[in-house]
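> please work out how this folds:
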Amino acid sequence: MAERNASDNDVPIWVLDTVTKPKPEHAGSVIFAGSHGGVYAGYLAASAGPRGIILNDAGIGRDKSGISSLKYLQELGIAAATVSHATGMIGDGEDMIARGVISYTNAAAGAVGCAVGESAADCARKMRAAETFDGEAPTQSEGRYKFRSERREPEIWGLDSASLLIPEDTGQVVIVGSHGAILASNRASGQAIYQPVLAAVFHDAGVGRNKAGTSRLPVMDEQGVAGATVGHESARIGDARSIWNTGRISHVNEHASAWGAKAGMSCQDFGIAAIRNRPGRRFL
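The predicted structure is shown next:
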């Protein structure tokens, strides 16, 4: 289920697979989402004017990027917490609220009784007592970056989020800051990536329960896309430039493995190899 109101009182708890599209009805609620706990996800949730926000810690990772929203939200006075990636599957709000255990909280969440080690559902219920945020969230932005462009070859683009994919990315290589989990709401449709790109790299978000952080990869095989993830300790989630500059491949799918991609190679080597080994390449 992509979205539902899990409340039994006047303060809703919205259970979402992703926080990328906050809605007016989310105002004054607790937002419980399968997104990673990076700053941009926190900003999107805050822009709805909630009482509290719970996200996935995405393995915490390099520079603690997976929980970086907690400080940002604390500065706004918004109660916030993260679910351990090992207990609740990233990209699946229903799984996170059913099985998740809280890994980190900010002070505003602590003030309403939220605590590390408690169930995610209990934490969400406690956040109903928090004050509604009615201020203006400082704007955060996501970007697109051209990493490589060679004559007569596909380009390599960096996207801080999968939501930035556009039709012009068809046939290109994309380095995406998003987690490598297929959203629960997309499992039935078998849609792991929204454009027919040549190859794509995501962040493994610590892999987590049921290998959720790499679950896009086999579905990208079905879509004919070479796919990989970088290790969460090697690059910051939500940051395509970090993934390109320091990311090390942690997992690959069958399409990528067929031309020699493997764990341990750099993200840059993966991207260039994807171009060099593309189907139908002409040697001029």
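
> can you pull the contacts of residue 85?
56-59, 66, 103, 205-209, 212-213 (CB atoms under 8 Å, 6 or more residues apart in numbering). Bear in mind the C-beta positions are built from the backbone N, C-alpha and C, glycine included.

> now, which of those lie within strands?
Under the assignment DSSP state E, these contribute 56, 103 to strands.

> contacting residues for residue 260?
273, 277.

> residue 40 now?
By CB under 8 Å, 6+ apart, the contact set of residue 40 is 140, 141, 142, 160, 161, 238.

> am I right that it is in a strand?
No - per DSSP: H, G, I helix; E, B strand; the rest coil, residue 40 lies outside any strand segment and is helix.

> nearest residue to it in space, please, no chain neighbours.
Leaving out its chain neighbours, the residue that sits closest to residue 40 by CB to CB, 6 or more residues apart in numbering is residue 140, at 4.9 Å.

> most neighbours, which of the contacts of residue 40?
Counting neighbours by other CB atoms under 10 Å, the top entry in those is residue 238, with 29 neighbours.

> which parts of the top helix by length along the chain are buried?
Ranked by residue count under DSSP state H, the longest helix found in the chain is helix 267-276. By neighbour count with 16 or more other CB atoms under 10 Å, helix 267-276 contains the buried residues 267, 268, 270, 271, 272, 273, 274, 275.

> for that helix, which outside residues touch it?
Residues outside helix 267-276 that contact it (CB under 8 Å, 6+ apart): 147-148, 150, 153-154, 156, 173, 175, 198-199, 201, 226, 228, 230, 235, 243-244, 246-249, 252, 256, 259-261, 265.

> tell me the one of the contacts of residue 40 nearest residue 52?
Using CB to CB, residue 140 comes nearest to residue 52 of these, at 18.9 Å.

> what about stretch 241-258, start to end distance?
Terminal residues of stretch 241-258 are spaced 26 Å apart (CA to CA, to the nearest Å).

> ok, and for that stretch, which residues are buried?
Across stretch 241-258, burial judged by 16+ other CB under 10 Å covers 241-253, 255-256.

> same deal with stretch 219-232?
In terms of neighbour count (16+ other CB under 10 Å), stretch 219-232 has its buried residues at 219, 220, 221, 223, 225, 226, 227, 228, 229, 230, 231, 232.

> correct me, but the second one touches residue 192?
What it means is residue 220. Yes - using CB atoms under 8 Å, residue 220 is in contact with residue 192, at 4.8 Å.

> what touches both of these two?
With CB under 8 Å, 6+ apart as the test, residue 220 and residue 192 both reach residue 227.

> what's the end-to-end length of stretch 154-164?
Terminal residues of stretch 154-164 are spaced 18 Å apart (CA to CA).

> repeat that for stretch 218-234.
Distance between the two ends of stretch 218-234: 22 Å, counting by CA to CA.

> now residue 200: closest residue in space that isn't a chain neighbour?
Nearest non-adjacent residue to residue 200, counting by CB to CB, 6+ apart: residue 174, 4.9 Å away.

> between the host helix or strand of the one you found and helix 267-276, how many degrees?
Per DSSP states H and E, residue 174 falls inside strand 173-179. With axes from the mean of the first three to the mean of the last three CA atoms, to 10 degrees as the basis, strand 173-179 and helix 267-276 are set at 140 degrees to each other.
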